[in-house]
Structures are given as C-alpha cells and as structure tokens.
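Asker: Got a predicted model here, sequence first, then my questions.
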Number of protein chains: 2
Amino acid sequence: MDLTTTSVNMKDFGIELKDVQQAHERVKRHTKITPVMDFDYFDNKVSCKLYFKCELFQKTGSFKFRGAINSVSKLVEKEAPTDNVTVVTHSSGNHGQAVALAAKLCHVKAHIVMPSNAPTCKVNGVKGYGATVIHCFPSERAREEEADKVIKETNGCFIHSSQSLDVIAGQGTIGLELLEQVADLDAIVAPVGGGGMLSGICIAAKSIKPSIKVYAAEPINADDCARSMKAHKLLPNEKTPDTVADGLRVSVGPVTWPILHKLLDDVIVVSEEEILDNLRLMLEKTKLLIEPSSAVGVAAVRSSRFNHLIQEQNLKKVGVVLCGGNIDISKLKAILK
Amino acid sequence: MDLTTTSVNMKDFGIELKDVQQAHERVKRHTKITPVMDFDYFDNKVSCKLYFKCELFQKTGSFKFRGAINSVSKLVEKEAPTDNVTVVTHSSGNHGQAVALAAKLCHVKAHIVMPSNAPTCKVNGVKGYGATVIHCFPSERAREEEADKVIKETNGCFIHSSQSLDVIAGQGTIGLELLEQVADLDAIVAPVGGGGMLSGICIAAKSIKPSIKVYAAEPINADDCARSMKAHKLLPNEKTPDTVADGLRVSVGPVTWPILHKLLDDVIVVSEEEILDNLRLMLEKTKLLIEPSSAVGVAAVRSSRFNHLIQEQNLKKVGVVLCGGNIDISKLKAILK
C-alpha cells in the first residue's frame, strides 16, 4: 500500500475525506460523540494501550445511526416537501433501527425488511421508532428480493446498509472523532461485515494520518473479507454464514471492496468461542454489554496474531471500535456461563 | 433544614468542604474522573433530565476506592517508612477491594475480613490485589470482632468503610466532580448503606451549592436511614438485612448520622423487585452492568415518590450515582429473566 499522496488515492473511490467531514457537519446535531474508554484490566493483559470507541452508546445502540442519518438527511435536503418520501432497507437489525430512527427524525416513512432470525430486541427497536417491518427468509437474496418489491410498491428510496457512499461517509465520522479524541493513535481495529464502517474509517483516518494502520476483525465463520484480501479479488460468502455475530453475516460488496482492498492493512479472524469469551470478558471486566459483533473486535486485539502485529508494527495506542450493544437479554443469558 | 451559612454548619461535623478538596488533591493521581452519562431512553420516561455518575468505571469497580486511597495515602504521609504499616478492614466486598488496591499502590500490607456470603467476584478482587482475606460469619458483629482480632495480631490501622472522616472526604470527591461535570444540577440521588458516600456528597455539594437537594436511595428491606430520619434518631438495622443490594446491608453509623440528619433532604425506599427490574433495565437500555446497590438509585429516580419530588421541587437536572458494577456473573444470570 502506498499512501504518499492520499488525496489522489481517495478520489478513485468516489468518496474522500471532505465527504466524511460534510457528513459530520450534516449529522452532528443528531448523533452522539460517543465516549472513548480505557480500562486498567487490559493494561496488564495487552502489550499496547487500548482505546475503546463506544458506539454501543450511539443512538439506536450502534454505529449504524451515523450512516443512516447522513443518508436520510441528505435525501430530505434534496426532496422537499418530504410528505411522500419513503425510505426502504433490508437489515438484520442495527441498520434497520438506524434507518427507522433517522426517518422518524427527518419526518419521512420507513419500511424495513428483516430476516426472520433477526434478534427480537432489534425487531422491537425498529417497530418502536414507528417504521413498518416486513419479515423475510433469512438469506441475502431473499432480503434483496423483498426489498425490491417494497421499493416498487412504495416508490421508496433504498438505503443500503454498507454499499452506499452516503452511508460510508456517515460511518467514517467514527474515524474523525477517534483521531480527535485520542492523540497519536497508531492503529484502529474494527469489525467487518459489509465493510461500510471500515471503509469510512479507512478514508477518514488515513487521509488525516497516512501512517495509521487500520485492521479488520472478522469471524472465521464469515471470512469473506479475509479470503478476498488474500486472493486480491472479491469473494463473498457463498451462503449465510453461521456466526453468533449477527451483524457480520453480510459480505463485503462492490462499493466497499475497492476501498478495503486498497487501504486495509490486514484482517484478523476469530473463532466463535473467542467471540463469546470476549463478550463475557467485557461484561465482567469493563461492565459494558456489547453485542457479539463488537466482541469480534475485542477478540481480535486479544489474539496472538494481533500481539505479533503490536511488536512488528510497534503499535503503542490502538483504537478498538465497539460497534454496538444490541443483544437480546434471553440470548445473553444463554451465553453467560 | 437551614443552610444559609453552610460553612458554620459543616464545621460541626468534623469535616467540611476543604477536607474534600484536600482529598481530591491527594487522590487525583490515583482515581479516575468517572464519566457522567445520559441516555435518550430516560428522556421520555422520567420528567427531568438524569445524569448518571458512573462509579462502576472507578478503579476496583466502585466509588469505594476514593475513600480508601484517601485514607491509606494520608496514613502513609504520616508514617514513613511504611515497611511495617498494615491496614485492616471488614467489608462485604467493594470497600475491601478498594483498601486492597489502595494498600498495594501505597506499598503497605492489607488484611480484609469478609463475610462468608460476600460475592465471589469481590473476594477474588481483594485477593487479586494481593491482600490477605479472612472469612467470617455474615453479621456486622462477627465482622467487627474478627477485625478487632486481626488489628491486635497485626498491629494494623483500621479503615472503616463509612465511619471514618478520611473515607467520607474521599467519597465526597464524587460530589465535587459531579458539580463540575454537570452545570445547574438541581439534585443528587445516591444509595445509602453506612452513609459515607452520601455524607461526603452532602458536604461537598451543599457547601458549593447550598440550594442543591440530596436524596438517599435505600432498599426497603434495609431501611435504617429512612426510619432514622423519620424518628430524628439513629435506628440501625437490628439484624443483617435481607436485600440483594449486598453493599447496602450495613447501617448508618455514629459519624455519618449527624451529617445525614442535618443535610439530607429525603430518603426514597425501593423494593427488592424494583432493584432487580432496574438492574435489568439498565443492562438492556443503557448497556451498563451495574450491581444491585447501584440499581437502588435508579429505582429511586424512577419511583412515583421521586416523580412527586420532581414536580414539588421543580427538579430539572438530577445526578444519579451508579456506585458500582461488581456483580457475580452467575448471579447476573439468575437475575436475568
């Protein structure tokens, strides 16, 4: 990777730092500047200092609100009056909740297609924000087909959870905030599903600080990003991955892939056991309830692979994105040993 | 209550604002300035704005570290060299952990007497900081007798969890921080056990802002403070109270009673069911794992009694102290419905 002239590189993607900065200006009255926390516990266990960016405290309980409110706000800027505007998406939950709240705040209608195995807390969240929920078979294809149908019926605008430049720009505000909140950050680790958040973070963080490393954390059972990076070719998961990290079952797509391929420094894969162990560990040691997708990032920075990277790259200060905290309490109960 | 000339009132207690300020200077290199968090969820449910002071993120997982490190630091300032200094206390857990870590940081020995029913996580915490644990029968009397024995054997200095002016001054730093972190605070609600934290908060907050209200939150099953306030006479619990809030089983004592009697505005009692409901609610809605004693404060501000106070006293901004987050994961599992 060569990032000596970052602005040139970024422009190839159709999105660059100024888009993220504009998103930040657009959404800042709605989003929370989520806290960055550090914990003594990790100081003795991991040989670099970890800074946790707590998106579990973002509105709707996950980072997805950033991209959703940027997209819906931008849409509303263009389409006034908004009486007949409807937004549509498909989502396992967090993006759906985010679009639902964004639509509510911008006074437009929302229809959310959700797989039948989405966590109850996420389905209830979407309904709670006043959006219409349409259930579908839990496969990427069924979700897309059902969403297409709803778009036609409602004449709605589709907001993809990760393959939309406005969504990517919104998620990128995490990177802006993190670099402002923590001085001299050497690296950022964030989970990868569709890659919207990670793409936005790469663009924001590497434009501001070209030397920063950005690493993806991915369940080994949904390792499309790791396989794609190795093959230098987009290789989506062939079927819906069997992972507890419900937010990461979706694959990297055509918009995020070129960004990640160019800018990502590495992918760290973790097992289902590591995900659950780290969810429990975070609850016990940091008092934070995170969802399994967030635990993927924690598992990554506690892995031997990452310990090797710490030494090799001389990483002293590492940001870890806790992407969300939406987990059914009944599921949590089953996870607790 | 008449607080027109606060300084005169405070001096009667043997502790005043400057003691809390000195404690703050003494301990600030060791303690964390814990975050104050607010959550959208409560904005629609409680008719004032709630600001949660997150002592669950304090070192050792509870506010107790503030008082312990103030006491041990002050002791060490006086007693150099410290090779032969031993500190002793009895504690159901949080104060024990706090004294253990404070002793470790000040390079002195610690012996902690703990009731046999103390939560495992708290016992392990104490041991983890290198202190010696002595188990005893779970009654206040047995704890005191065992501690007396250990003091004689070790020639140790006793640090009471609440009836020590240095401990009260240390806990009072919560009040200093809270008034600095939240402008125009109208009231503070904090749980009461021995009353050390609440006394310290009363002294700090009411000295700085005489008009501020301070309310105690107490389990109805351990309502010595409520009964004492009503009778204008210290009425300790006659036997160990049967409450899930293990940190609040201890009674208000002779040092904290005059302070609370003079300065406390009211006591709100809550049921065991309310405590558990609010522990679950906080986990689900705020992603914070709090211990039952913390949930007592949350239950109080969500009670109809407090809603009445909001109207009556025109409370707009209320601080709620989440005093700690130390709960056994096995216990949490049983609590989750």
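Answerer: On my side now, so go ahead. Numbers count the residues shown, from 1 in each chain, chains lettered A, B, ... in the order given.

Asker: C-alpha from now on. contacts and neighbour counts both.
Answerer: OK.

Asker: which residues of chain A fall in strands?
Answerer: For chain A, applying DSSP state E gives strands covering A:36-37, A:49-54, A:86-90, A:109-115, A:132-136, A:157-158, A:187-191, A:213-219, A:266-270, A:317-322.

Asker: The third one versus strand A:132-136: what angle between them?
Answerer: Counting by axes from the mean of the first three to the mean of the last three Cα atoms, to 10 degrees, strand A:86-90 points 30 degrees away from the direction of strand A:132-136.

Asker: elements contacting strand A:86-90?
Answerer: Identification of packing neighbours for strand A:86-90 by 3 or more Cα pairs under 8 Å, 6 or more residues apart in numbering or on different chains; DSSP states H and E yields helix A:94-105, strand A:109-115, helix A:140-154, strand A:157-158.

Asker: Skipping its backbone neighbours, what lies nearest the residue most central in space within chain A in space?
Answerer: Centroid-nearest residue in chain A, with Cα atoms, centre = their mean: residue A:197, separated by 4.1 Å. Nearest non-adjacent residue to residue A:197, counting by Cα to Cα, 6 or more residues apart in numbering or on different chains: residue A:171, 4.9 Å away.

Asker: Could you pick out the longest helix of chain A?
Answerer: Taking DSSP state H as the criterion, chain A has its longest helix at helix A:165-181.

Asker: List the buried residues in it.
Answerer: By neighbour count on 16 or more other Cα atoms under 10 Å in any protein chain shown, the buried set for helix A:165-181 is A:165-179, A:181.

Asker: ok, residue A:132 to residue B:105 distance?
Answerer: 56 Å (Cα to Cα, to the nearest Å).

Asker: What number of residues are in the vicinity of the nearest residue to residue A:326 once chain neighbours are set aside?
Answerer: The spatial neighbour of residue A:326 that comes closest, neighbours along the chain excluded (Cα to Cα, 6+ apart), is residue A:291 at 5.4 Å. Using other Cα atoms under 10 Å in any protein chain shown, the number of residues around residue A:291 comes to 27.

Asker: Contacts only, for residue A:291.
Answerer: By Cα atoms under 8 Å, 6 or more residues apart in numbering or on different chains, the contact set of residue A:291 is A:245, A:279, A:324-327.

Asker: and if you look at residue A:79?
Answerer: Going by Cα under 8 Å, 6+ apart, residue A:79 touches residue A:85.

Asker: Check the gap between it and residue A:72 for me.
Answerer: 10 Å.

Asker: can you list the residues of the stretch 51-200 of chain A near chain B?
Answerer: Within the stretch 51-200 of chain A, the positions adjacent to chain B are A:56-57, A:59 by Cα under 8 Å from any Cα of the partner chain.

Asker: Okay, and which of those residues map to helices?
Answerer: Among these, no member lies in helices (by DSSP H).

Asker: how about a markdown table for the residues you listed, with neighbour count and pLDDT added?
Answerer: As requested, these are exported to a markdown table (neighbours: other Cα atoms under 10 Å in any protein chain shown; pLDDT from 0 to 100):
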| residue | neighbour count | pLDDT |
| --- | --- | --- |
| A:56 | 25 | 97 |
| A:57 | 27 | 97 |
| A:59 | 23 | 95 |
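
Asker: so where's the stretch 101-250 of chain A uncertain?
Answerer: Regions of the stretch 101-250 of chain A meeting the criterion pLDDT under 70 are absent.

Asker: Not counting sequence-adjacent ones, nearest residue to the residue in it that chain B sits nearest to?
Answerer: In the stretch 101-250 of chain A, the residue that lies nearest chain B is residue A:121 (9.2 Å; Cα to the nearest Cα). Take residue A:121 and drop its neighbours on the chain: the residue closest to it by Cα to Cα, 6+ apart is residue A:328, 5.5 Å away.

Asker: now swap in residue A:122 and tell me
Answerer: In space, residue A:122 comes closest to residue A:93 once its chain neighbours are excluded; the distance is 4.9 Å by Cα to Cα, 6+ apart.

Asker: How about residue A:41?
Answerer: Nearest residue to residue A:41, sequence neighbours excluded (Cα to Cα, 6+ apart): residue A:285, at 6.8 Å.

Asker: Am I right that the one you found is in contact with residue A:40?
Answerer: No - taking contacts as Cα atoms under 8 Å, residue A:285 lies outside contact range of residue A:40: 9.3 Å.

Asker: okay, the angle between the longest helix of chain A and strand A:49-54?
Answerer: Going by the same axes, to 10 degrees, helix A:165-181 makes 140 degrees with strand A:49-54.

Asker: angle of helix A:165-181 against strand A:187-191?
Answerer: Using the same axes, to 10 degrees: helix A:165-181 against strand A:187-191 is 140 degrees.

Asker: Mind giving me the packing neighbours of helix A:165-181?
Answerer: helix A:17-27, helix A:64-78, helix A:196-208.

Asker: ranking those helices by burial, who's on top?
Answerer: Counting by mean count of other Cα atoms under 10 Å in any protein chain shown, helix A:196-208 has the highest mean neighbour count of the helices and strands packed on helix A:165-181, with a mean of 28.

Asker: what's in contact with it?
Answerer: The contact list for helix A:196-208 (Cα under 8 Å, 6+ apart) reads A:6-7, A:10, A:15-17, A:20, A:161-164, A:167-176, A:179, A:190-192, A:212-214, A:216, A:256, A:259-260, A:263-264.

Asker: Now do the domain split for chain A, please.
Answerer: A:6-63+A:164-335, A:64-158 (automatic domain parsing).

Asker: Tabulate those (a markdown table), appending distance to residue B:157.
Answerer: Output for the domains of chain A, formatted as a markdown table (distance: least, Cα to Cα, whole Å):
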| stretch | distance to residue B:157 |
| --- | --- |
| domain A:6-63+A:164-335 | 28 |
| domain A:64-158 | 51 |
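
Asker: doesn't residue A:69 make contact with the residue nearest to residue A:197?
Answerer: No - look at residue A:171 against residue A:69 with Cα under 8 Å: they stay out of range, at 10.0 Å.

Asker: so residue A:269 bridges to which residues?
Answerer: residue A:218 (DSSP bridges).

Asker: So for it, what's the pLDDT?
Answerer: pLDDT recorded at residue A:269 is 98.

Asker: residue contacts, residue A:298?
Answerer: Residue A:298 sits next to A:275, A:278, A:320, A:322 when contact means Cα under 8 Å, 6+ apart.

Asker: and the gap between it and chain B?
Answerer: Residue A:298 sits 16 Å away from chain B, going by Cα to the nearest Cα, to the nearest Å.

Asker: circling back to that earlier point, show me which of the contacts of residue A:291 is closest to chain B.
Answerer: The closest of the contacts of residue A:291, once distances to chain B are taken by Cα to the nearest Cα, is residue A:325, at 6.3 Å.

Asker: Go ahead and confirm that closest one touches residue A:61.
Answerer: Yes - counting by Cα under 8 Å, residue A:325 does reach residue A:61; the two are 5.6 Å apart.
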